[in-house]
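Enquirer: A predicted structure for the sequence below; I have some questions about it.
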Amino acid sequence: MHLTQFPSKDLALDQNQVSSEADHLPFLRVHFSNPSSDYSDFHYFWLRHNCNHVPKSRHAKTLERIIDSSQVDLAIEPASVQVFLLKELPEHDKTFVDTFVSNDEETNPSEAVLRIEWQDGHVTEYKESFLQRYAYGRNRIEKVKVPDHDLSLIEVHYSKYATLQESIPESFVSDVLERLKRDCAVLVRGIEIDTELIIDAFSPHLSVIPTHFGRLEDLRVDNTTNQNNDQLGYTDAPVDLHTDQPFIENPPELQLLHCIIPATEGGDNYVVNSVQAAWYLKQIDPLAFKILSEFPVKFHRKQQKFESILYKPIIELSQDGKEIKQLRFSYFTYAPHVFDFDYLPEFYKAYNKFTNIVRDRKNQFYFRLEKGDFIFYNNQKMFHARTSFKGERWLKGVYFNYHE
């Protein structure tokens, strides 16, 4: 798309597009001259639908609209977007800038005018005052990006904090907790310390949460220490993105995975910020977000000696709908989905769209755990996974909650 800015700065324009491989939702950001910090986003289809051109968009005699929104392609894009002052417009253009104004509106020759030429040659023009009056996307938050993938954002080396003392320094604990709050994950390299000592270091701030597996998990193929080990985590099979314990009312907030013995081949880990992915979904497909935040899914964990059932949406919002409290995501504990016949395909479309975002390698933190490394993440806001492996891979798993 092309943007031309004339020397006048009374009305500044930025052309922004939110794009993914499957979506293209173009809009125009208009920065108003007064106040200069005020701006609004407008979809191009809205700008075409509300065109005041006479006689192509409004009747020459009655000035009533003669184009219906259904006649406008939602993916419409302009050929060019320009900014003029009203006094700079050619005389033949001024006729339809002032054609549809309120009776008490005065014409200001120095007012900025937005001029859009569409792909079919049609021209739409708006005075700044009109756009301010009908600004429906005023001061929107900057576009949500896809989840981060740069490993340096979450990776730290324990040697940075190491001292001659055997105990784990408080500066390390504080930094890890801060990163968990800010980034929802932290990857620590080279902390070859007993897992119990790591637990002790965080005990002033966090509580260990036992589950139906026990207090700690020995994630290894030859597991003999945990209860209910008839599940994928105790095999060498790949385990795709998921959250843990989505089938109970209050899943653990945090999980730490400490590498005791790395795999000889495979066994790579990856995590993705599911909250960031969910907000991105809302931006590119609000209906898909609405479906995943409102349709209750049946989570059913059934093992030989354990069973739990819970109905919850995949995206759980705060009461006011402004925050994401947590996500539940577990392809191996979903019961068969039973929704209204007409709604079921829409749920699958929404779910697949969200899943395509989180499973895109470009949106994941991808890494390999070596001996002494650990990954610590928010189980309610990060999805985690691992690839298949060979060898005697052994991770210690611990669930935590923050102290109330």
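Expert: That came through fine.
Enquirer: hey, let's count contacts and neighbours off CA atoms from now on
Expert: OK.
Enquirer: pretty sure Gly214 contacts Val208?
Expert: No: assessed by C-alpha atoms under 8 Å, Gly214 is found out of contact with Val208, at 10.7 Å.
Enquirer: quick one, which of those two is more surrounded?
Expert: A count of neighbours by other C-alpha atoms under 10 Å puts Val208 above the other of Gly214 and Val208, at 20 against 14.
Enquirer: check contacts around the closest residue to Val156 other than its chain neighbours.
Expert: Once flanking residues are discounted, Val156 sits nearest to Val188: 5.1 Å by C-alpha to C-alpha, 6 or more residues apart in numbering. Contacts of Val188 were listed using C-alpha atoms under 8 Å, 6 or more residues apart in numbering, and they are Glu155, Val156, His157, Tyr158, Asp373, Phe374, Ile375.
Enquirer: burial measure for Val358, as a count.
Expert: 22.
Enquirer: Against Asp222, how distant is it?
Expert: 31 Å (C-alpha to C-alpha, to the nearest Å).
Enquirer: and if you look at Val272?
Expert: Taken as C-alpha to C-alpha, the span from Val272 to Asp222 is 28 Å.
Enquirer: Among those two, which residue is more densely surrounded?
Expert: A count of neighbours by other C-alpha under 10 Å puts Val272 above the other of Val272 and Asp222, at 30 against 12.
Enquirer: just curious, which of the contacts of Val188 is nearest to Ser293?
Expert: Ile375 (28.0 Å; C-alpha to C-alpha).
Enquirer: Quick check: mean pLDDT of the helix or strand that closest one falls within?
Expert: Take DSSP states H and E as the rule and Ile375 turns out to sit in strand 374-378. For strand 374-378, the mean pLDDT works out to 98.
Enquirer: now for it, which elements pack on it?
Expert: Helices and strands touching strand 374-378, by 3 or more C-alpha pairs under 8 Å, 6 or more residues apart in numbering; DSSP states H and E, are helix 170-183, strand 185-189, strand 254-261.
Enquirer: In TSV: those, plus mean pLDDT and distance to Pro109.
Expert: Below are the helices and strands packed on strand 374-378 laid out as TSV (pLDDT from 0 to 100; distance: least, C-alpha to C-alpha, whole Å):
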stretch	mean pLDDT	distance to Pro109
helix 170-183	96	50
strand 185-189	97	55
strand 254-261	98	61
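Enquirer: for these, which one sits closest to Leu369?
Expert: For Leu369, the closest of the helices and strands packed on strand 374-378 is strand 254-261, at 6.2 Å, according to C-alpha to C-alpha.
Enquirer: got the angle between that closest one and strand 374-378?
Expert: 170 degrees (axes from the mean of the first three to the mean of the last three C-alpha atoms, to 10 degrees).
Enquirer: Pull strand 254-261 out as PDB, backbone CA atoms only.
Expert: Output in PDB follows, covering the C-alpha atoms of strand 254-261 (Å, rounded to 0.1, in the frame of the first residue of the first chain):
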ATOM      1  CA  LEU A 254       3.800 -22.400  38.000                       C
ATOM      2  CA  GLN A 255       5.900 -25.300  36.900                       C
ATOM      3  CA  LEU A 256       9.600 -25.900  37.100                       C
ATOM      4  CA  LEU A 257      11.300 -28.600  35.000                       C
ATOM      5  CA  HIS A 258      14.900 -29.300  36.100                       C
ATOM      6  CA  CYS A 259      17.200 -31.400  33.900                       C
ATOM      7  CA  ILE A 260      19.000 -34.100  35.700                       C
ATOM      8  CA  ILE A 261      20.000 -36.200  32.600                       C
END
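Enquirer: residues in contact with that strand?
Expert: With contacts defined as C-alpha under 8 Å, 6+ apart, strand 254-261 is touched by 195, 369-380, 392-401.
Enquirer: So, low pLDDT: which residues of the stretch 301-404 of the chain?
Expert: Along the stretch 301-404 of the chain, no part satisfies pLDDT under 70.
Enquirer: Let me know how buried the closest residue to Leu254 other than its chain neighbours is, in neighbour terms.
Expert: Nearest residue to Leu254, sequence neighbours excluded (C-alpha to C-alpha, 6+ apart): Asn378, at 4.5 Å. The tally of other residues near Asn378 (other C-alpha under 10 Å) stands at 25.
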